[in-house]
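> just coords:
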């Protein structure tokens, strides 16, 4: 199987997570650059512009997710970024739910289920148990490299770590979304509601005096002739 290497990497996180990415991944001697050098990877775009902070309703960045409102903002930010990245039909998106708060991983997977195309993938990363909690372990190195565990008071060899990429099957619901939702920004909860309307039972109510048709409580104003035809048809 041919190795899949991304052209770009995008990170959605709180300001705390983004600052850690700046310091440990993107710094001159950061682990991302070390990974590319160790494995002779082609140029991958991952820079300051690739870091996308989670914003609250006032447009301010969030340092952590502590309230239901914070989680809702995270859902909206993640959903919008995935909607944006899936607009290009010539690209292939690989979403990882590894790391971060559990709710963030869930929202990332759910957002891909809403907007994902046949070529898109969802995955999780599994690491050898003794390496998964080491703060200075980022990837299995090609040659021996010491990483120290202050919790276990011992060192490990990073080159001996095992990492598994678990591909996660997901249901693609994109064909249920209206064109407007695919093209324009919408809240996560609104998109989920539209999916529910599109896939659930349909209830129609006709208000003749107001010349309005309600489909699952969504109003549609009709001209008199169209309303008369619809009433006759029903």
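That came through fine. Quantities reported herein were computed from a predicted structural model and do not represent experimental measurements.
> Can you find the helix or strand in this protein with the smallest mean pLDDT?
Ranked by mean pLDDT, DSSP states H and E, the weakest helix or strand in the chain is helix 179-183, scoring a mean of 77.
> Now the element after that one, going C-ward?
helix 188-199 (DSSP states H and E).
> what is the mean pLDDT for that following helix?
Throughout helix 188-199, pLDDT has a mean value of 82.
> where along this structure do the helices fall?
Assigned by DSSP state H, the helices in the chain fall at 15-21, 31-38, 68-85, 102-115, 179-183, 188-199, 224-233.
> Compute the inter-axis angle for the third one and helix 102-115.
Helix 68-85 and helix 102-115 are oriented at 40 degrees to each other (axes from the mean of the first three to the mean of the last three C-alpha atoms, to 10 degrees).
> contacts for helix 68-85?
Contact with helix 68-85 is made by 10, 12, 52-57, 62, 64-65, 91, 93, 95, 101, 103-104, 107-108, 111-112, 114-116, 182, 185-189, 191, as judged by C-beta atoms under 8 Å, 6 or more residues apart in numbering. Just so you know, the C-beta spots here come from the backbone N, C-alpha and C atoms, and that holds for glycine as well.
> Where does pLDDT dip in the chain?
1-2 (pLDDT under 70).
> Give me the contact list for the lengthiest strand in the chain.
For the chain, the strand with the greatest residue count under DSSP state E is strand 121-127. Contact with strand 121-127 is made by 92-98, 105, 109, 112, 116, 137, 161-170, as judged by C-beta under 8 Å, 6+ apart.
> just stretch 45-57 next, same as before
So stretch 45-57 is contacted by 7-15, 18, 21-22, 25-26, 32, 61-62, 65, 69-70, 73-74, 77-78, 81 (C-beta under 8 Å, 6+ apart).
> Next, the buried residues of it.
Neighbour-count burial for stretch 45-57 flags 46, 51-54, 56 (criterion: 16 or more other C-beta atoms under 10 Å).
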